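Participant: Next comes the sequence, and after it the predicted model I'd like to discuss.
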Amino acid sequence: MIPKIYKEVIDLGDGREISIETGKLAKQAHGSVVVQSGKCMLLCTVVSNYKQSDVDFLPLTVDYREKFAAAGRYPGGFFKREARPSDGEVLTMRLVDRVLRPLFPKDYHSETQVMIQLMSHDEDVMPDAMAGLAASAAIQLSDFPFECAISEARVGRVNGEFVINPTRAQLAESDIDMMIGASSDSVMMVEGEMDEISEEEMAEAIKFAHEAIKVQCAAQEKLAKAFGKKEVREYEPEREDEALAKKVYNMAYDKVYAVAKAGSAKHERSASFSEIKEEIKASFSEEEQEEFGDLISKYYRQTEKAAVRDLTLNEGLRLDGRKTDEIRPIWCEVDYLPSTHGSSVFTRGETQALATVTLGTSRDANQIDMPSHEGEERFYLHYNFPPFCTGEARPIRGTSRREVGHGNLAQRALKGMVPEDCPYTVRVVSEVLESNGSSSMATVCSGTMALMDAGVQLKKPVSGIAMGLISDAESGKYAVLSDILGDEDHLGDMDFKVTGTSVGITACQMDIKVKGLSYEILVKALQQAREGRLHILEKLTDTISAPAEDVKPHAPKMVTRIIPNEFIGALIGPGGKVIQELQKETGTTIVINEDPVTEEGIVEILGTDQNGIDAVLAKIDSIMFKPEVGSVYEVKVIKMLDFGAVVEYMEAPGNEVLLHVSELAWERTENVSDVINMGDVFDVKYFGVDARTRKDKVSRKALLPKPEGYVERPPRDRNSNNRGRDNRRNDRRSRRD
């Protein structure tokens, strides 16, 4: 039976379009779509259990995978099979999850899976820009309780013009790379990197992307209507008790407000809030606690959130006693670790990050091997968030998605400031040692200082700040919070992180939790973020004002030399013998790469000893040495022969040439040792390649005066010699006959 296909097409302009199709594939899923642009095809399926899970949160899993067959490739590794997700796939999962999760009801706790797969790849289409659209479209065809259609779009700016979902080639020329997630009514998520743009330019880019997203949301709704939108499923909601909620509120609000207003430290404040909570629980009988214990805790959390928000909106005060635009105390230190190539400590309030920098060759680049993108990163940043940094003990099971996401944000913030001609591969590692507030922004600050300490010549230093927003739609009041605490992150209406130089923004990440946030408030928040960012930047430059002029004595020094491809083989030697011995003798690391454009070899020499580096450079000069016809060179005798001597050019050790006995002196020479000896140094003249021997010809006698009365012997007639040989050969044949 031929399935009935339902399809909607979205026009992106410039002859590009996106189609959303359902009815052909994966029909046992609760919703499935194929989203296609060009030859790029994503299959998205969604399934949610009908039974509520025994948890107090939504167990949502967003999984994005790129199949290597989509690009006609084999997976790397021994087993030739897709395995754990790459960092790129994890980042796409996070982008989709952050937009979907807030749109499910708070009391919906069914196990839910959103699975997105790249089934066909197109070099001109970046699939991650369509993942959010695919996820939302599949959910619209299901019976899930989901608030409204959403989509995500990438926005770039090429030659001053905004572009939706640019190609990778366009993105290389763009000064903006932002992903925006939104519904028709509200922007919900922003993440990206920029080339020092202004706050107003960033707001304009968000607006432009939002207009395109509105069209994509309308297409989903049209497809769902044509397909036959299912009735929203019924599920067992959480228990509610208005009387109990009011009772807990009345008992807790004033006490919580007083603790919040006292402006205490994190642990003191947490202990005080716990005492209030336990005191309220104790006021109920054992029977009531057994029956309503979860509700009492829930209503207490709601009351605590309301009291803290009211304190900020009414009095402009925060949990730790600061004003809304006040930054916590900062102290910094560089060169803290004696053995690293660069290090720094950045501490802001109760958040601390220790960053290290390691310098290496192109061999140390981070390899990217995805079906949609192959390449390497010569600058990359890794972020670690151990449990002790929040005073917890929990299992460590590899790198978390959060660590991947936060590290990527910090990397995007800094990478544009690493100069293009930096000869090193640079790895930054941030170890978060304390966390109460944004550790990713602390990572940007510590990373900046560690890079400068390592001698990486950053174009400009970068700082970052995490901002929050508390607003009340009824009263119209709102407060923008600078340098938010961890608690303020949870209770606020917007969490956004902004990084930049003194000139403009280099990266951002926003999660907006309120509908219809005005662009005026957004720009005001960004302006306040700029003031805080510049304040932090001043603290960084007070600690280290400029990059170190050179790398540390124990850090490797890098020298790059370009050589013609014809000399690469000589430098490597048979079976790598020459280069291996050279590395061993000089204590250096030598990496050779071929540039396919210039057809030249790029030799990277890495070493801590300048003498070793100089020795490698001398060897390269020696290998590349080409004498010029007519020029005079100083040579040294390194081997005596019966018919001459082997001499070595003094300016290019290792380059040898035969000095024939006939070129030693004008007089006839019977013994070579009568004229020269082993180790003698003298000048010779280079005549080029001898036509008869096809070898380089040098002469000592050409630089000596001719003796008086010297008569040059006439050259032999080679043709007459040949005729004589022929006559003798014919005579022998006649005698045999």
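Facilitator: Looks like it arrived, so ask away. Numbers count the residues shown, from 1 in each chain.

Participant: Other residues contacting stretch 200-211?
Facilitator: 153-155, 157, 162, 164, 176, 178, 180, 182, 187, 190, 194, 197, 505, 508, 519, 522-523, 526 (CB atoms under 8 Å, 6 or more residues apart in numbering). In this view, the C-beta of every residue, glycine as well, is placed from N, C-alpha and C.

Participant: what sits against V334?
Facilitator: So V334 contacts G342, S343, S344, M449, A450, M452, D453, T543, I544 (CB under 8 Å, 6+ apart).

Participant: pLDDT score for the nearest residue to the first one once chain neighbours are set aside?
Facilitator: Taking CB to CB, 6 or more residues apart in numbering as the measure, G342 lies nearest to A454, with 2.5 Å between them; neighbours along the chain are not counted. For A454, the model assigns a pLDDT of 96.

Participant: Which parts of the stretch 151-300 of the chain are strands?
Facilitator: 161-164, 176-183, 187-197 (DSSP state E, counting those that start in this stretch).

Participant: and those strands, which is most packed in?
Facilitator: strand 176-183 (a mean of 24; mean count of other CB atoms under 10 Å).

Participant: Determine how far stretch 59-72 lies from the middle of the whole chain.
Facilitator: 20 Å (CA atoms, centre = their mean, to the nearest Å).

Participant: Could you give the average pLDDT over that stretch?
Facilitator: 95.

Participant: Of the contacts of V334, which belong to helices?
Facilitator: M449, A450, M452, D453, T543 (DSSP state H).

Participant: where's the second one relative to T543, distance?
Facilitator: Here the distance between A450 and T543 works out to 11 Å (CB to CB, to the nearest Å).

Participant: quick revisit: and the contacts of V334, which two are furthest apart?
Facilitator: G342 and T543 (13.2 Å; CB to CB).

Participant: Who has more neighbours out of those two?
Facilitator: G342 (28 against 19; other CB atoms under 10 Å).

Participant: which intervals of the chain have sub-threshold pLDDT?
Facilitator: 1, 711-737 (pLDDT under 70).

Participant: For the most centrally placed residue in it, name its beta-bridge partners.
Facilitator: Taking CA atoms, centre = their mean, the centroid of the chain lies closest to Y380, which sits 4.9 Å from it. Y380 has the following beta-bridge partners by DSSP bridges: R427.

Participant: how about it, what does it touch?
Facilitator: Here Y380 is in contact with N366, Q411, V426, R427, V428 (CB under 8 Å, 6+ apart).

Participant: what's the spacing between it and E196?
Facilitator: 21 Å.

Participant: ditto for M452
Facilitator: 18 Å.

Participant: Kindly report the same for T390.
Facilitator: Distance of T390 to E196, computed by CB to CB: 33 Å.

Participant: Now for the closest residue to L118 other than its chain neighbours, how many residues are close by?
Facilitator: In space, and not counting its chain neighbours, L118 is closest to E66: 4.1 Å by CB to CB, 6+ apart. Neighbour count of E66, defined by other CB under 10 Å: 25.

Participant: and if you look at I368?
Facilitator: Quick note: I368 (other CB under 10 Å) scores 15 neighbours.

Participant: ok so, going back, need the contacts of Y380 in CSV with distance to D310, can you?
Facilitator: Compiled in CSV, these are given as follows (distance: CB to CB, whole Å):
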residue, distance to D310
N366, 47
Q411, 38
V426, 47
R427, 46
V428, 41
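
Participant: Out of those, grab the one that's most surrounded.
Facilitator: V428 (28 neighbours).

Participant: need the contact list for it.
Facilitator: Applying CB under 8 Å, 6+ apart, the residues near V428 are 355-357, 379-382, 410-411, 414, 447, 450-451.

Participant: For E66, give me its contacts.
Facilitator: By CB under 8 Å, 6+ apart, the residues touching E66 are S86, G88, E89, Q117, L118, H121, P127, M370, P371, S372.

Participant: again, only this time at 7 Å
Facilitator: By CB atoms under 7 Å, 6 or more residues apart in numbering, the contact set of E66 is E89, L118, M370, P371, S372.

Participant: Helices - which of those residues land there?
Facilitator: Going by DSSP H, the helices hold E89 from the contacts of E66.

Participant: With neighbour count added, can I get the contacts of E66 in a markdown table?
Facilitator: Shown next, in a markdown table, are the contacts of E66 (neighbours: other CB atoms under 10 Å):
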| residue | neighbour count |
| --- | --- |
| E89 | 23 |
| L118 | 26 |
| M370 | 19 |
| P371 | 23 |
| S372 | 21 |
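
Participant: Looking at the contacts of E66, which is nearest E287?
Facilitator: E89 (50.4 Å).

Participant: Please name the spatially closest residue to that closest one (chain neighbours excluded).
Facilitator: E89's closest residue in space is Y64 (CB to CB, 6+ apart), at 5.3 Å.

Participant: What's opposite the one you found in the beta bridge?
Facilitator: In beta-bridge terms (that is, DSSP bridges), Y64 pairs with I116.

Participant: My understanding was that it contacts L91; is that so?
Facilitator: No - when contacts are counted by CB atoms under 7 Å, Y64 is not listed as touching L91 (9.0 Å).

Participant: Between the two, which has more neighbouring residues?
Facilitator: Y64 (27 against 20).

Participant: Quick check: the gap between that one and G630.
Facilitator: 68 Å.

Participant: burial count for the closest residue in space to I5 that isn't next to it in sequence?
Facilitator: Excluding the flanking residues, the one nearest I5 by CB to CB, 6+ apart is G23, at 4.7 Å. If you count neighbours by other CB under 10 Å, G23 ends up with 15.
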